[in-house]
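Visitor: turn this into a model:
(chains A and B)
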Amino acid sequence: MVSMNLIDDLIPPQWRGTYTLFKKELFRFWRVAFQTVASPVLTSLLYLLIFSHVLENHVQVYKGVPYKAFLIPGLIMMSLLQNAFANSSSSLVQSKIMGSIVFVLLTPLSYLQFFIAFLAAAIIRGFLVGISIYLVAIWFVDLTIVHPLWIFTFALLGSALLGTFGIIAGIWSDKFDQMAAFQNFVIMPLTFLSGVFYSIHSLPPFWQTVSKFNPFFYMIDGFRYGFFGQSDISPWLSLVVVFSFLLALAWAALKMLKSGYKLRG
Amino acid sequence: MTQMMADKVLAPAIKIERIHKRFGDLHALKGIDLTIQQGEFFGLLGPNGAGKSTLINILAGLLKPTHGKVSIMGHDVMDDYQAARLSLGVVPQELVFDPFFNVREMLRFQAGYFGRGRENDAWVDEVIENLGLTDKAHTNMRKLSGGMKRRALIAQALVHKPPVIVLDEPTAGVDVELRQMLWAFIKKLNADGHTIILTTHYLEEAETLCERVAMMKQGEIVALDTTANLLSKLPGKNLRLNLGEASLPPALLPMLKSGENGVYTLALTELNQVEFALSALREAKINVEDMQLIEADLEDVFMSLVGGKNGQYESN
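Guide: Below you'll find the predicted structure:
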């Protein structure tokens, strides 16, 4: 509490509004950390235990990399992306349905401040889940890190991209059902079909081409490159694709927020 | 003196100019013009659908006007929205709350959104105390009763010490104790220089508290004057009769304003109608158990301007 007060005092007055909304969003997910952090960590470990047990002796994707080790970066990134999306989207849709969004809308916070605060909280939750999975997974598997900066870059861009997508989905959705449709019909298929469990080189040519239209593939492939120094495509190409998607979604989200779409009549 | 301070000194608390709001085919506000000076205790009255909440939502920046301009303390709510919102505290009508936090946390977050830091904590504690929330300061919002949630909502609107405070039906569904506590606190804020804008369907509250009122009907202001002037424009009085078990004689039915459990209120346009009423009762051999002559109130003024049956007045 003392350290939190210290941080509060260091924030310049013009940033207090943004910082407060960011802090509120952090506290919101931390209050239900079993659901928002522990649960996705456990789910990822179950994937790891089951898939690695079944496929360990049947699949080797990269030379010298056991399947168990190959799987971990994909699982980390999948959970990181899903949780970054869940944080901004569920917070927004919940506060819209409960009406408590009005407390933020009545304040002098600008649409940009609103965006930054929600995005930063989504990134933090994504990182927290990703780091937790990593820390638990390295108890079971030897995992090298060849290029830590690539890992950080793709984790940051990926969580920002999905956090931004979550803001769009949260603003657009009027009920939990619509939100669930985003999660189950967009996010889940795209993450599962993005190379979390396999290399796209193991797919038939047609599906390899299809995979290259999936932005999640670039996030996971680039992230995995940071661990093994090997990837399906160049990490630079992945970086360009992911960054372009992030810019496009951020533009859309900011446009929605600036116009007050579904927030201000 | 900074520009913002100069604005605060010179500008009206609220200036509404030719505001129109359309929702599709519905013309909810039809060219509202209204100026509320700093320090006023102002009442905004009207039945369901009159447009009060729409007007308040435009003030608060929750709705955009189709046409017209609104400023708060000289700051346009669209072009200079940040300064306008810093000057405004709104108590929403609905009992909305954030279920993740306790009362004190929620109030500190709300103050933080307005750029207030820990230096504001003493004021937050003062608001908590004045609204009788001290015992509940560490209680999660979900666990509060309806009345306590209402107090917390009011506190949220005040945490950044706004010079203009809008209370949209603040006493709807709350007990007498809270009403008294709330009005004592709001009157103190008004005495300290805060401008208060109140919507309420308790017209006796508006009559007691508001120096000036606007009455709205179907998106238009149908009356705008001091409360005293509005009351003086209606010369009539009310005659309240307690007839016990007896019913009102048919001759008096045209004057009937309200009647329940043997107590009937007759609207009088002239004082000699008292004698007429009493003779009608004598002829019907009805004993009067009690009788009072009452001045016309704001509800009578409202009915005379807006029309409709008695008891139909209800705010949205």
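
Visitor: and the closest residue to chain B within the stretch 1-150 of chain A, backbone torsions?
Guide: Closest residue of the stretch 1-150 of chain A to chain B, Cβ to the nearest Cβ: A:T20 (2.9 Å). C-beta coordinates here come from the backbone N, C-alpha and C atoms, glycine included. Note on A:T20: its backbone torsions stand at phi -70, psi -40 [degrees, to the nearest 10].

Visitor: can you name the residues of the stretch 101-250 of chain A that neighbour chain B?
Guide: A:V102, A:F103, A:V104, A:L105, A:L106, A:T107, A:P108, A:L109, A:S110 (Cβ under 8 Å from any Cβ of the partner chain).

Visitor: residues in contact with the first one?
Guide: This means A:V102. B:L62, B:P92, B:V96 (Cβ atoms under 8 Å, 6 or more residues apart in numbering or on different chains).

Visitor: ok, those residues vs chain A, which is closest?
Guide: B:V96 (3.6 Å).

Visitor: tell me the SS of the closest one?
Guide: coil (DSSP: H, G, I helix; E, B strand; the rest coil).

Visitor: so what pLDDT did it get?
Guide: For B:V96, the pLDDT comes out at 91.

Visitor: now the one 5 residues further on
Guide: pLDDT, the model's per-residue confidence, is 93 for B:F101.

Visitor: how many other residues sit next to it?
Guide: 20 (other Cβ atoms under 10 Å in any protein chain shown).

Visitor: go on, the one 10 residues further on?
Guide: Other residues near B:A111 come to 26 when the count uses other Cβ under 10 Å.

Visitor: one more: A:Y67?
Guide: The burial count for A:Y67: 19, using other Cβ under 10 Å.

Visitor: I'd say it and A:L48 touch.
Guide: No - in this structure, A:Y67 is not within contact of A:L48 by Cβ atoms under 8 Å, at 10.4 Å.

Visitor: rewinding a little: just the buried ones from the residues of the stretch 101-250 of chain A next to chain B?
Guide: A:V102, A:F103, A:V104, A:L105, A:L106, A:T107, A:P108, A:L109 (16 or more other Cβ atoms under 10 Å in any protein chain shown).

Visitor: as a markdown table, those with pLDDT and distance to B:G132 would be great.
Guide: Output for these, formatted as a markdown table (pLDDT from 0 to 100; distance: Cβ to Cβ, whole Å):
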| residue | pLDDT | distance to B:G132 |
| --- | --- | --- |
| A:V102 | 95 | 23 |
| A:F103 | 95 | 21 |
| A:V104 | 96 | 26 |
| A:L105 | 96 | 27 |
| A:L106 | 96 | 23 |
| A:T107 | 97 | 25 |
| A:P108 | 96 | 29 |
| A:L109 | 96 | 30 |
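
Visitor: just flag the most distant two among those.
Guide: Pairwise distances across those (Cβ to Cβ) peak at 14.3 Å, for the pair A:V102 and A:P108.

Visitor: pLDDT below threshold where in the chain?
Guide: Let's take chain A. A:1-3, A:56-60 (pLDDT under 70).

Visitor: ah, no, chain B please
Guide: For chain B, the stretches flagged by pLDDT under 70 are B:1-9, B:234-235, B:306-316.

Visitor: pick out the residue nearest the middle of it.
Guide: B:T199 (2.1 Å; Cα atoms, centre = their mean).

Visitor: ramachandran angles for that residue?
Guide: The phi/psi pair for B:T199 (degrees, to the nearest 10) is phi -110, psi 140.

Visitor: ok, now how distant is it from chain A?
Guide: Counting by Cβ to the nearest Cβ, to the nearest Å, the separation of B:T199 from chain A is 16 Å.

Visitor: cool, and B:I154?
Guide: On the measure of Cβ to the nearest Cβ, B:I154 and chain A end up 13 Å apart.

Visitor: what's the local residue count around B:K69?
Guide: B:K69: 14 neighbours (other Cβ under 10 Å).

Visitor: partner strands of the host helix or strand of it, with direction?
Guide: Using DSSP states H and E, B:K69 sits in strand B:67-72. Applying DSSP bridges to the sheet, strand B:67-72 is found paired with strand B:14-23 (antiparallel), strand B:75-76 (antiparallel).

Visitor: in the longest one, what counts as buried?
Guide: What it means is strand B:14-23. B:I14, B:K15, B:I16, B:I19, B:K21.

Visitor: residues contacting the fourth one?
Guide: When you say that, I think you mean B:I19. B:I19 touches B:L29, B:G31, B:I32, B:D33, B:L55, B:I58, B:P65, B:H67, B:G68, B:K69, B:V70, counting by Cβ under 8 Å, 6+ apart.

Visitor: likewise A:A84?
Guide: Contacts of A:A84 by Cβ under 8 Å, 6+ apart are A:A122, A:I123, A:R125, A:G126, A:G158, A:S159, A:A160, A:L162, A:G163, A:G166.

Visitor: apply 10 Å and report the result again.
Guide: The contact partners of A:A84, taken as Cβ atoms under 10 Å, 6 or more residues apart in numbering or on different chains, are A:119, A:121-127, A:129-130, A:155, A:158-166.

Visitor: and B:E105, how many neighbours?
Guide: By other Cβ under 10 Å, neighbour count at B:E105 equals 17.

Visitor: let me fix that: B:E177
Guide: With other Cβ under 10 Å as criterion, B:E177 counts 10.

Visitor: domain-wise, how is chain B divided?
Guide: B:3-231, B:236-296 (automatic domain parsing).

Visitor: and the residue nearest to A:P13 when sequence neighbours are not counted, how many neighbours does it have?
Guide: Leaving aside its chain neighbours, A:P13 sits nearest to B:G115 (5.4 Å; criterion: Cβ to Cβ, 6 or more residues apart in numbering or on different chains). With neighbours defined by other Cβ under 10 Å, the count for B:G115 comes to 23.
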